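Enquirer: Need a 3D model of the sequence below.
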Amino acid sequence: MRSVSQSASALPSNLPKADLVGQLQASVQYAGDAASARDRVETMDEANTITRLVADLSAEFQGQLPYEAKMLAYYGRQLELGLVAGRPSMLAQSANALQSAWTRLQPAMERRGQVDEAKRFTDIVVQLAGARRPADYVAPTRAVLSEADRIEKALGQRP
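Expert: Just a heads-up that it's a prediction; the model follows:
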């Protein structure tokens, strides 16, 4: 937490979207407070919020990795958080957001010839879309986290 806090406070003040920088700094503080209080769910939630805010900030700099690829893991962790916290509405919202991000990212994967990887992730998204009970989300959530990491690595390499 100390390292994250130092990095957040060292961000230049002239970054685009100063409001995101403020939100990031606040989330770092909240995550530290939650970790100190040993509040697992709140710590997980704030840590994932930090991930999203960093992705939002880095999107301004047009990196090689598409924004949606970064967000797949974020939504996977949101699904995980929904399971741990027992929040069915978070599960449904995260599954829908994941599906939207994947719909935008899938064509890029296929254009790069990564058809098998795209099909594998599409199958996971279909499982999530069919989930009705929290138990139905467990296996596809694990798969999302594993496959999102592979997709990030694959897209981070030059074609």
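
Enquirer: For the nearest residue in space to L57 that is not next to it in sequence, give me its contacts.
Expert: The shortest distance from L57 to any non-neighbouring residue, by C-beta to C-beta, 6 or more residues apart in numbering, is to L20 (5.4 Å). Any C-beta I mention is one placed from the backbone N, CA and C, and that applies to glycine too. Going by C-beta atoms under 8 Å, 6 or more residues apart in numbering, L20 touches 53, 56-57.

Enquirer: Which positions in the helix or strand hosting L20 come out as buried?
Expert: According to DSSP states H and E, L20 maps onto helix 18-36. By neighbour count on 16 or more other C-beta atoms under 10 Å, the buried set for helix 18-36 is 20-21, 23-25, 27-28, 30-32, 34.

Enquirer: could you say what helices and strands the strand or helix carrying I151 packs with?
Expert: Element membership of I151 [criterion: DSSP H and E] is helix 134-156. Packing partners of helix 134-156 (3 or more C-beta pairs under 8 Å, 6 or more residues apart in numbering; DSSP states H and E): helix 67-85, helix 88-111, helix 115-129.

Enquirer: Only alpha carbons, please: show the longest one as CSV.
Expert: This points to helix 88-111. Taking C-alpha atoms only, helix 88-111 is exported to CSV below (Å, rounded to 0.1, in the frame of the first residue of the first chain):
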residue,chain,number,x,y,z
PRO,A,88,-26.1,-10.8,-7.2
SER,A,89,-26.7,-7.4,-8.8
MET,A,90,-22.9,-6.9,-9.0
LEU,A,91,-22.6,-10.3,-10.7
ALA,A,92,-25.2,-9.4,-13.3
GLN,A,93,-23.8,-5.9,-13.9
SER,A,94,-20.2,-7.2,-14.2
ALA,A,95,-21.2,-10.0,-16.6
ASN,A,96,-23.0,-7.5,-18.8
ALA,A,97,-20.1,-5.0,-18.8
LEU,A,98,-17.7,-7.9,-19.6
GLN,A,99,-19.8,-8.9,-22.5
SER,A,100,-19.9,-5.4,-23.9
ALA,A,101,-16.1,-5.0,-23.6
TRP,A,102,-15.6,-8.4,-25.2
THR,A,103,-17.9,-7.4,-28.1
ARG,A,104,-15.7,-4.5,-28.8
LEU,A,105,-12.4,-6.4,-28.4
GLN,A,106,-13.3,-9.7,-30.2
PRO,A,107,-12.9,-8.4,-33.7
ALA,A,108,-9.3,-7.2,-33.0
MET,A,109,-8.4,-10.6,-31.7
GLU,A,110,-9.8,-12.3,-34.8
ARG,A,111,-8.0,-9.8,-37.1
